[in-house]
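**Student:** Give me coordinates for this.
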Amino acid sequence: MEMRNNGPAEPSSYVGGSTATPSGSHLRQPNYSRQAVQEALEHLASIDLIELCNEAKVERCRATRDLRSCGRCVESALNSCGHASLCTECSQRCDLCPVCRFPIGKEKNGVSLRPRLYYECIDAGLISKRYDDRFQEKEEGEEQITADVLHLYLLFDVALENNLVSLICHCILSWCLILCILLFLI
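**Tutor:** Okay, here's the model as predicted:
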């Protein structure tokens, strides 16, 4: 996989062959020899459209009953069922996924979790830490939708900056086909 080194994704413009942010500052290059960067790019390259949208969605912890909804940001998905429904702390205390009620697999070192793609890209340095919403306040309503779209936009930026153009083309083609079908049915 050939990669272009344009730095971590954030809404940007290209000026004179380098990446500039709206504030005019230039971005640091991710270290493409790091395993975390390679794994994040492999994950992005192998993901399908529906999974990509799910990975971009901002999720809050849905622990229920005795734990109540804690509302913390969910940065990992459960390996047992794939749902991003519990924060790391609550996943240690729950036995079942609150979405599908599937038993949560436990390992010696804790719950079996996998990082969600958006946070995997931030931790790898492919997306600027300025967009790390794990340290921001809880979003509500319309701001939530805006955050979901921003996450998807930033993942698309990572794909474009690393020559994963086929992912973008596939997404656009799929959305155009869906739109045509909807217009045909109306």
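**Student:** host element of the residue nearest to the spatial centre of the chain?
**Tutor:** Closest to where the C-alpha atoms of the chain average out (CA atoms, centre = their mean) is Y118, at 2.3 Å. For Y118, the host element (DSSP states H and E) is helix 117-124.
**Student:** just checking, the residue nearest to the centre of the chain touches D157?
**Tutor:** No. Under the criterion of CB atoms under 8 Å, Y118 lies out of contact with D157, with a separation of 11.7 Å. C-beta: built from backbone N, CA, C; applies to glycine.
**Student:** hey, what's in contact with both of those two?
**Tutor:** I127 (CB atoms under 8 Å, 6 or more residues apart in numbering).
**Student:** ok, back up a step: contacting residues for the residue nearest to the centre of the chain?
**Tutor:** 55-56, 127, 151, 154-155.
**Student:** Name the nearest of the residues you listed relative to Q92.
**Tutor:** Relative to Q92, the closest of these is E55; by CB to CB it sits at 22.5 Å.
**Student:** which stretches of the chain form helices?
**Tutor:** Listed in chain order, the helices found in the chain under DSSP state H are 35-46, 49-56, 88-93, 117-124, 141-161, 165-185.
**Student:** Now find how far off-centre the helix holding Y118 is within its chain.
**Tutor:** Average the C-alpha atoms of helix 117-124, do the same for its chain, and the two points are 7 Å apart (CA atoms, centre = their mean, to the nearest Å).
**Student:** Kindly calculate the angle that it makes with helix 49-56.
**Tutor:** When axes from the mean of the first three to the mean of the last three CA atoms, to 10 degrees is applied, the directions of helix 117-124 and helix 49-56 differ by 60 degrees.
**Student:** Return the angle between stretch directions for helix 117-124 and helix 141-161.
**Tutor:** Interaxial angle, helix 117-124 versus helix 141-161 (the same axes, to 10 degrees): 60 degrees.
**Student:** export helix 117-124 as CSV, just CAs?
**Tutor:** Output in CSV follows, covering the C-alpha atoms of helix 117-124 (Å, rounded to 0.1, in the frame of the first residue of the first chain):
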residue,chain,number,x,y,z
LEU,A,117,-11.3,3.2,14.1
TYR,A,118,-11.7,6.9,14.8
TYR,A,119,-9.8,6.7,18.1
GLU,A,120,-7.3,4.3,16.7
CYS,A,121,-6.5,6.9,14.0
ILE,A,122,-6.1,9.6,16.7
ASP,A,123,-3.9,7.4,18.9
ALA,A,124,-1.8,6.6,15.8
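**Student:** Now do the buried residues in it.
**Tutor:** By 16 or more other CB atoms under 10 Å, the buried positions in helix 117-124 come out as 117-124.
**Student:** Kindly report the same for stretch 97-107.
**Tutor:** 97-98, 104.
**Student:** now swap in stretch 41-52 and tell me
**Tutor:** 41, 43-44, 47, 52.
**Student:** ditto for stretch 74-92
**Tutor:** Neighbour-count burial for stretch 74-92 [16+ other CB under 10 Å]: 74-78, 80-81, 83-87, 90-91.
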